[in-house]
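Engineer: 3D model of this:
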Amino acid sequence: MSCELALDDIVTEFLLNTCRPCPPSTSEHAVYAAVRCGMFATMYDEVDDEVEHIPLATGSVAEFCIQPILPHLGDIDLMHHFNTELAIPRGHPPPTQLPAEFHNYVKVMEIIDSHLPGYVYLELRYLLTECSDDDNYNAVKYDRGHYASNQRYGDENIHGPALLVSYESRELSTDRVFCVRCLTWLPQAADWPTRHRNYGWPDSATLDRVVSNGCDVVGVAHRQCRQHEWMGKCQWRLSFSRAEITLLNSWMKVHQIVYHMLRYFMKTERLTDCADNSEAGTLSNYHIKTLMLWACELKSTSWWTDDVNLVRMCVQLLHILAKWLDDGRCQHYFINNCNLIDNSFNVTNIRDQLMSIDETWLSTWFVDNYIPACLKLNDCPPNISRLFDNVTTSMKLRNAVSALVAWRRNSSVLDLRRTFNAVEFHIISLLYRCPLTARLCVRWMTELTKIDSCLSVYFTAVVFLHVASRSLRQGFSDELMDILATVCGQFTDIRRHPNNSTSTSVLSLYKTTKLMKVVANKSLSTMSLIEIELSKAYLYRTLRCKDSDSDSIYCLANVYLTVLYCTTGQYQTAIDHCTAVTRSQDHSQCSSNVVQGEFLPKIDDDVDNMLGLAELYQSVRTAARKQQRQP
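Structural biologist: Residues are numbered from 1 along each chain as shown. Predicted coordinates for the structure are as follows:
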């Protein structure tokens, strides 16, 4: 076997064995992304604290399902949209229902095509208002001619559509991209789901997931339009980041490794501008991603899996990219009539360089550049590094690589431990840096569950300790009550429970019934006892509300308190609340708030639930007498 072929094998063996399969949410960088998402989602708008930032981790941290020795990202990419804005395709009717993350009032903008494919304008068309009785939205039209500005940030640290946020610590910086959410698939990419595919990628299930996730519109004008007075401020770009995450997560391991190799090579050789996806006159990571997406669709499965040689694959794909540059044509993967290379690209030198690459040269390049970079990591043992000091033959190189692969394999548990330690550290430190609210709990539990459900349990335990500590010092407040109910998993619909200090008896009753529905279907346990005590606390809050003086609210709250105290065996207190109902003067309005029968205790196997207040009262008194006769 020639030395050149041996290098191919060595590079392939090294990357196949050191790039661990890793769900995007379980890497250490995903931890940082979850931290940023959790913190960013709890930021208040300076004008209206009802406006929420809904974040999404994108880019490498969300797309890669492998964990190579060398990190494949330089920063964390976050997209975020407001819960008060929505985009719809032009001519589409406004939606009547929205996901729970959206506000009760939502501005809806139509997507209007510009003269450049992939770039659009957003015209304000409707105001949606949620109806309280059926959760549907009503729409009111705006006058035409009002267009949304793409300038949501100041000028400082702006690169394309992204705002760069740096940190003083060793943590990665964050690129924040503001977008407007579109819940439907765009007509500009209408033929993408249905076009003919010879090799069945992506499959129908993946296609359905992509289309159901919709798209986004990010605030940036085309490079040629940024100096224009109006277009520079009002032009937006269609974004398929959600689709790309789904597609890249469906790749095989070999797809992910080749993509990683191409990105690392192009970046190291300074052939791409990795700062954003604006396609601004030079090659970018987005061109590499587009190359890979087309290759996955147009290459057969056997091309990727038979006689796997990662270097050969990279060389062939780089030659395809060079051909695109020569033709001046890089077709957008989703939008047919969109070319990602225009006449202003000065890529002659890059094209020639890519065409000159062969397998021998690229194999040597990875041996000379990629593997030594792996050895420079702080945790690589010195005895492993010393093996590479004298690799004068391919056999010595193979032996050194094998030792590095073995070390990498044996360190997987340690790396996982570091990831979980990082999460636990951030959870603890978060509670000291940010005021704990129900809203923050919802966001953090959402992000932590993406990494591992055990971390959400850990967060719940920390919150319980935090609430206990604050209760001892400050008393058990309504705010702490909402926090506990949230971590118990009941109140995750933030839209219906805004961040303010006001509370109504109806809202408190709503929260009580949600908790009681859970308790009614459980046997008594520590968690159900906590939920019962929370239900009692919400009912007492109901009785304290200024609008709780109606007989219907008063009676309903006392009936439910009777049931809860009966459940926990506190019969005399239950009798007191039942008596309060019987002494009420006027029950004529009680039909407006009816006791839900499934919450009432069972009498026996023949009669599931008590038939009325009298039965409940009698049952409680009977139970109380039995309790008194017991030793």
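
Engineer: enumerate the positions of the lengthiest strand in the chain that are buried.
Structural biologist: For the chain, the longest strand by residue count, based on DSSP state E, is strand 119-130. Buried positions in strand 119-130, judged by neighbour count with 16 or more other C-beta atoms under 10 Å: 119-128, 130. C-betas here are computed from N, CA, C, even on glycine.

Engineer: Gln256: which of those residues is nearest?
Structural biologist: Nearest to Gln256, judged by C-beta to C-beta, of those is Tyr119 at 30.2 Å.

Engineer: doesn't Ser239 make contact with the closest one?
Structural biologist: No - contact criterion C-beta atoms under 8 Å: Tyr119 and Ser239 do not qualify, at 11.2 Å.

Engineer: picking up where we left off before, which residues are contacting the longest strand of the chain?
Structural biologist: Residues outside strand 119-130 that contact it (C-beta atoms under 8 Å, 6 or more residues apart in numbering): 86-88, 94-95, 98, 104-114, 136-142, 144-148, 180, 188, 217, 221-222, 225, 234-238.

Engineer: alpha carbons of that strand, in CSV - could you do that?
Structural biologist: Written as CSV, here are the backbone C-alpha positions of strand 119-130 (Å, rounded to 0.1, in the frame of the first residue of the first chain):
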residue,chain,number,x,y,z
TYR,A,119,-35.4,39.1,0.0
VAL,A,120,-38.7,40.5,1.1
TYR,A,121,-40.5,43.3,2.8
LEU,A,122,-42.9,43.0,5.8
GLU,A,123,-46.2,45.0,5.5
LEU,A,124,-48.3,45.4,8.6
ARG,A,125,-51.7,44.1,7.9
TYR,A,126,-53.6,42.8,11.0
LEU,A,127,-53.9,43.0,14.7
LEU,A,128,-54.9,39.7,16.3
THR,A,129,-56.7,39.8,19.6
GLU,A,130,-57.3,36.6,21.6
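
Engineer: sheet partners, orientation included, of the following helix or strand past it?
Structural biologist: Later in the chain than strand 119-130, the nearest helix or strand by DSSP states H and E is strand 137-141. Note on strand 137-141: by DSSP bridges, its sheet partners are strand 119-130 (antiparallel).

Engineer: same question for the partner strand, mean pLDDT?
Structural biologist: The pLDDT scores in strand 119-130 average 95.

Engineer: gap between it and the chain center?
Structural biologist: 24 Å (C-alpha atoms, centre = their mean, to the nearest Å).

Engineer: check stretch 447-456 too.
Structural biologist: With C-alpha atoms, centre = their mean, you get 12 Å for stretch 447-456.

Engineer: check stretch 576-586 too.
Structural biologist: For stretch 576-586, the separation from the chain centroid amounts to 49 Å (computed by C-alpha atoms, centre = their mean).

Engineer: name the residues of that stretch that are buried.
Structural biologist: Judged by neighbour count (16+ other C-beta under 10 Å), stretch 576-586 contains these buried residues: 577-578, 580-581.

Engineer: run a quick neighbour tally on the closest residue in space to Gly118 that isn't next to it in sequence.
Structural biologist: Excluding the flanking residues, the one nearest Gly118 by C-beta to C-beta, 6 or more residues apart in numbering is Cys338, at 4.3 Å. Counted with other C-beta atoms under 10 Å, residues neighbouring Cys338 total 18.

Engineer: now swap in the one 4 residues further on and tell me
Structural biologist: Close neighbours of Asp342, defined as other C-beta under 10 Å, add up to 14.

Engineer: same question, Thr282
Structural biologist: Thr282, neighbours per other C-beta under 10 Å, totals 16.

Engineer: and it, how far from Arg223?
Structural biologist: Thr282 sits 10 Å away from Arg223, going by C-beta to C-beta, to the nearest Å.

Engineer: same question, Leu262
Structural biologist: From Leu262 to Arg223 the distance is 24 Å (C-beta to C-beta).

Engineer: looking at these two, which one has more neighbours?
Structural biologist: A count of neighbours by other C-beta under 10 Å puts Leu262 above the other of Leu262 and Arg223, at 22 against 15.

Engineer: okay, and the residue nearest to the more buried one when sequence neighbours are not counted sits in which element?
Structural biologist: Nearest residue to Leu262, sequence neighbours excluded (C-beta to C-beta, 6+ apart): Ile288, at 5.2 Å. Using DSSP H and E, Ile288 sits in helix 285-298.

Engineer: which parts of the stretch 401-550 of the chain are helices?
Structural biologist: For the stretch 401-550 of the chain, the helices defined by DSSP state H, counting those that start in this stretch occupy 412-433, 438-451, 453-474, 478-487, 505-520, 526-544.

Engineer: actually the stretch 151-300 of the chain, not the one I wrote
Structural biologist: Using DSSP H, counting those that start in this stretch, helices in the stretch 151-300 of the chain cover 204-213, 231-234, 241-249, 253-268, 285-298.
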